[in-house]
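In: below are the sequence and a predicted model; questions follow.
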Amino acid sequence: MGLLPASPIRPSRSPARWVGFELPGLGIFYPSNLTPDDETGLGRWSEDDIVKALKTGVRPDGRELVPIMPWRSFSALTDEDARAIAEYLKSVPPVHHAVPQPLGPSEHATHPYMTVVTPQ
Ligand code: HEM
């Protein structure tokens, strides 16, 4: 199975290794470290937590993931396929790699981002 570069399993070493998505009105969101690192990744998430986030967009802390993370599409995954993705993510070697935290709409970005424009 291949993950798109937006959610890298092996973090890129290029200078622009973090590229976030700006959702006007919401802020800027950087793709997460999906490896099972306890501090910077999904190490403390259970497989059930991952399945729930993929299919409902809700993190263990209750926050809803922004829609650039295509969880609305992933909600059509079968439970079996979502579970297989979760098992895979928990099986890869952990990589200690802190990605930038989400920024609010008025916060200054220090890393690159792309803006998602909604046509009027
Ligand atoms: C099979 C493919 C994918 C998997 C398994 C996956 C999984 C996840 C998971 C579990 C999270 C939550 C992690 C956390 O909150 O710490 C997440 C967040 C995120 N993902 Fe994905 N993702 C995938 C594809 C994508 C794609 C295609 C994009 C963008 C084009 C994307 C962008 C993001 C972003 C921006 C976040 C952070 C969202 C937020 O903080 O609200 N992901 N992903």
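Out: Great, that's in hand. Numbering: from 1, shown residues only.
In: which stretches of the protein aren't confidently modelled?
Out: Scanning the chain for pLDDT under 70 picks out 1-16.
In: if we use 80, what do you get?
Out: By pLDDT under 80, the low-scoring segments of the chain are 1-17.
In: scan it for its longest helix.
Out: helix 79-91 (DSSP state H).
In: residues touching residue 23, list them.
Out: Contact analysis of residue 23 by C-beta atoms under 8 Å, 6 or more residues apart in numbering lists 29, 66-68, 116. No exception for glycine: its C-beta is placed from N, CA and C like everyone else's.
In: now, of these, which are buried?
Out: With burial judged by 16 or more other C-beta atoms under 10 Å, the buried subset of the contacts of residue 23 is 29, 66, 68.
In: secondary structure and distance to the ligand added to these, as JSON lines?
Out: Compiled in JSON lines, the buried ones among the contacts of residue 23 are given as follows (DSSP: H, G, I helix; E, B strand; the rest coil; distance: C-beta to the nearest ligand atom, whole Å):
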{"residue": "29", "secondary structure": "strand", "distance to the ligand": "4"}
{"residue": "66", "secondary structure": "coil", "distance to the ligand": "4"}
{"residue": "68", "secondary structure": "coil", "distance to the ligand": "5"}
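In: need those in TSV (columns: distance to residue 20).
Out: Written out in TSV, the entries for the buried ones among the contacts of residue 23 read as follows (distance: C-beta to C-beta, whole Å):
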residue	distance to residue 20
29	6
66	10
68	9
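In: and for residue 50, the neighbour number?
Out: By other C-beta atoms under 10 Å, the residues close to residue 50 number 23.
In: just checking, next helix/strand downstream of the helix or strand hosting it?
Out: Element membership for residue 50 (DSSP states H and E) is helix 47-56. Downstream of helix 47-56, the next assigned helix or strand under DSSP H and E is helix 71-74.
In: does residue 64 really touch residue 58, like I thought?
Out: Yes - with contact taken as C-beta atoms under 8 Å, residue 64 and residue 58 are classed as touching, separated by 5.9 Å.
In: burial of residue 51, as a residue count?
Out: Taking other C-beta under 10 Å as the neighbour definition, residue 51 ends up with a count of 21.
In: do the same with residue 99
Out: Taking other C-beta under 10 Å as the neighbour definition, residue 99 ends up with a count of 19.
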